[in-house]
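Trainee: Following is a predicted model, sequence given first.
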Amino acid sequence: MKIAMIASEANPLIKTGGLADVVYSLSLELNKLDNKAVIILPYYKKIKNNPQYSVTFLGKFDIFMSWRKEYCGVFKLVLGNIEYYLIDNEQYFLRDNAYGYGDDGERFAFFSLAAIQALKLVDFKPDIVHIHDWQVGMIPCLLKEKYRNDPFFSGVKSVLTIHNPEFKGYLDKYFLNNYYGLSDTLFDNGKVRFDGMVSTLKSGITFSDIITTVSPTHRDELLDPLSRFKFSYVLELRKDDFYGIVNGVDTVEFNPKEDKYLCMTYDASKYLRSRTNNKKDLINSFHLPNVISKNPIFGVVSRLTEQKGIDLILANIPYLVEQGGSIVILGSGDPALEDKVQKIRDKYSHRVGIYIGYNDELAHKIYGGCDFFLMPSLFEPCGISQIISQRYGAVPIVRETGGLKDTVIGYKDTNLAVANGLSFQDFTVEGLRGTIEYAFRVYADDEKMKTIVKNGMKLDRSWKTSALEYMKIYRKALEK
């Protein structure tokens, strides 16, 4: 199959979150499975200014958006077995960040129109156009409305993956025609209307041949009428075309057997001595000389936001320390939460280590050295850190939501043979505290701890498994 991945970010060129990992890793694995997957991205400043990348200019054309006539250049970059096609317009993309501007709606309208035209320029007629999130949510509508009589796109099917339903791509009705050249009828009949606005994400749901999200449980949550995301009535109409597929993990980057950041590498067959030494290295890396390595260390690698349950973690640190445990936290985000993290470290500096920001080496050391990994998220469409922690032998402690529920089987006294983590339901300080208390008891039982660790380490969470599921989805789309 020929697949055009169209997204606002993809590794290793530009990344702000998990979307970039999925677009890159899925494309990489699809190509290993004898498909032809290419990635279309904006030609951002960060990519353009990187001297490591050798790009080729393929051609140019004009994009018309009402009174606007905008230049579009198309460049090609090949990394490994992936071809990237980069959409160039310096007015829109020569900026310091990928998102966060007042004209983001216009920027990604241009990108969506240009990506479609670029397929013709490079003569790549895909079987599947696979789009991701609100930024490119109008593309299936454009293919079925604006380009329906274009023979180049005859038979091309579309798949939408919803990664973050919090962002719905709201635009005023006026811009439906002004940006995209589409009829107001699409708004009036409700196909793209949501909350009294145009929603590019709703448009993607309405017009895509298949819709996916990044875990089966998150699919069910989105269909729940009480869901915080408010898309249930829209998705209910497409329920038979809506699937949940858990993300994979990059087994090259996250491989404890070959991880260059660990002081000692290991695998599931032989890990105790190595993880003990990695734990001591983690303690030294966070400058915690008073921490005793025989006591449990809890790890956090996360954005510091309410969604990630950071307040629940901070509220439980006094209890965790009283019980003899320690915690290391790596992340950045909400300034108020960053300040709270700093204050709790100041109060418990002998047991709490923090790093505000992101540091790849420290992240790997946390996975390879902590005993328990905390992810008490309010919601989590898929999550990847819990999967990485399992791979490294750190027992995840998660709230039972979204992909966390699908990837972690919490130990409940009677299911030791299959348990690969600890879990709880209620998004409360007490809910997490009870599970931390349970973690101390599990840690004190060597055989239980070893079994849970090994159950997690032996799981196959590779992208090949996920890619095969996506290939089934693509075939369903082609049958429509």
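Mentor: That came in fine, so what should we check first?

Trainee: Can you pull out the low-pLDDT segments for the stretch 101-250 of the chain?
Mentor: Along the stretch 101-250 of the chain, the model assigns pLDDT under 70 to no residue.

Trainee: the helices in it, which residues?
Mentor: For the stretch 101-250 of the chain, the helices defined by DSSP state H, counting those that start in this stretch occupy 104-121, 139-145, 174-180, 185-188, 200-207, 216-223, 232-236.

Trainee: Which one of the ones you listed lies nearest to residue 438?
Mentor: Evaluated with C-beta to C-beta, those place helix 216-223 nearest to residue 438, the distance being 22.0 Å. All C-beta atoms are positioned from the backbone trio N, CA, C, and that covers glycine.

Trainee: The closest one: which residues count as buried?
Mentor: The neighbour-count check on helix 216-223 (16 or more other C-beta atoms under 10 Å) flags 216, 217, 218, 219, 221, 222, 223 as buried.

Trainee: closest to residue 322 out of the helices of the stretch 101-250 of the chain?
Mentor: helix 216-223 (33.8 Å).

Trainee: what distance separates that closest one from the centre of its chain?
Mentor: 16 Å (C-alpha atoms, centre = their mean, to the nearest Å).

Trainee: by how many degrees do it and helix 200-207 diverge?
Mentor: 100 degrees (axes from the mean of the first three to the mean of the last three C-alpha atoms, to 10 degrees).

Trainee: Of the buried residues of helix 216-223, which is the nearest to residue 52?
Mentor: Using C-beta to C-beta, the buried residues of helix 216-223 come closest to residue 52 at residue 218, 35.4 Å.

Trainee: how long is stretch 234-248 from one end to the other?
Mentor: 27 Å (C-alpha to C-alpha, to the nearest Å).

Trainee: on that earlier part again, would you convert the helices of the stretch 101-250 of the chain into TSV that also reports distance to residue 311?
Mentor: Supplementary listing: these in TSV, determined by distance: least, C-beta to C-beta, whole Å:
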stretch	distance to residue 311
helix 104-121	29
helix 139-145	38
helix 174-180	37
helix 185-188	39
helix 200-207	28
helix 216-223	21
helix 232-236	27
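
Trainee: how about those, which one is nearest residue 458?
Mentor: Closest among the helices of the stretch 101-250 of the chain, using C-beta to C-beta: helix 216-223, at 21.5 Å.

Trainee: which other helices and strands contact the closest one?
Mentor: Under the contact definition 3 or more C-beta pairs under 8 Å, 6 or more residues apart in numbering; DSSP states H and E, helix 216-223 sits against helix 232-236, strand 242-244, helix 402-407.

Trainee: pLDDT (mean, whole number) over stretch 404-418?
Mentor: The predicted model gives stretch 404-418 an average pLDDT of 96.

Trainee: Endpoint to endpoint, it covers what distance?
Mentor: Where stretch 404-418 begins and where it ends lie 16 Å apart, using C-alpha to C-alpha.

Trainee: contacts for it?
Mentor: Stretch 404-418 has contacts (C-beta atoms under 8 Å, 6 or more residues apart in numbering) with 215-217, 244, 246, 375, 377, 380, 382-383, 386-387, 390, 396, 398, 400, 419-424, 438, 442, 448, 451-452, 455, 461.

Trainee: among these, which are in strands?
Mentor: Of those, the ones assigned to strands by DSSP state E are 244, 375, 396, 398, 422, 423, 424.

Trainee: Select, from the residues you listed, the two members most distant in space.
Mentor: So, the ones in strands among the contacts of stretch 404-418 by C-beta to C-beta: farthest apart are 244 and 422, at 23.1 Å.

Trainee: my guess is residue 219 contacts residue 244, does it?
Mentor: Yes. Counting by C-beta atoms under 8 Å, residue 219 does reach residue 244; the two are 3.5 Å apart.

Trainee: circling back: between the buried residues of helix 216-223, which is closest to residue 206?
Mentor: Nearest to residue 206 among those, with distances taken as C-beta to C-beta, is residue 222, at 14.7 Å.

Trainee: nearest spatial neighbour of residue 218, skipping sequence neighbours?
Mentor: residue 402 (4.1 Å; C-beta to C-beta, 6 or more residues apart in numbering).

Trainee: Could you do residue 442 as well?
Mentor: Leaving aside its sequence neighbours, residue 442 sits nearest to residue 448 (C-beta to C-beta, 6+ apart; 5.3 Å).

Trainee: thinking again about what came up before, now list whatever residues contact both of residue 219 and residue 244.
Mentor: residue 213.

Trainee: can you list the domains in the protein?
Mentor: 2-248+464-478, 272-460 (automatic domain parsing).

Trainee: Now distance to residue 258 too, for those, in TSV please.
Mentor: Output for those, formatted as TSV (distance: least, C-beta to C-beta, whole Å):
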stretch	distance to residue 258
domain 2-248+464-478	17
domain 272-460	11
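
Trainee: Residue 259: which of the ones you listed is closest?
Mentor: Nearest of the domains of the chain (C-beta to C-beta): domain 272-460, 5.7 Å.

Trainee: now that closest one, how far from the chain's geometric center?
Mentor: Counting by C-alpha atoms, centre = their mean, domain 272-460 comes out at 19 Å from the chain centroid.

Trainee: same deal with stretch 167-187?
Mentor: On C-alpha atoms, centre = their mean, the centre of stretch 167-187 falls 27 Å from the chain's centre.
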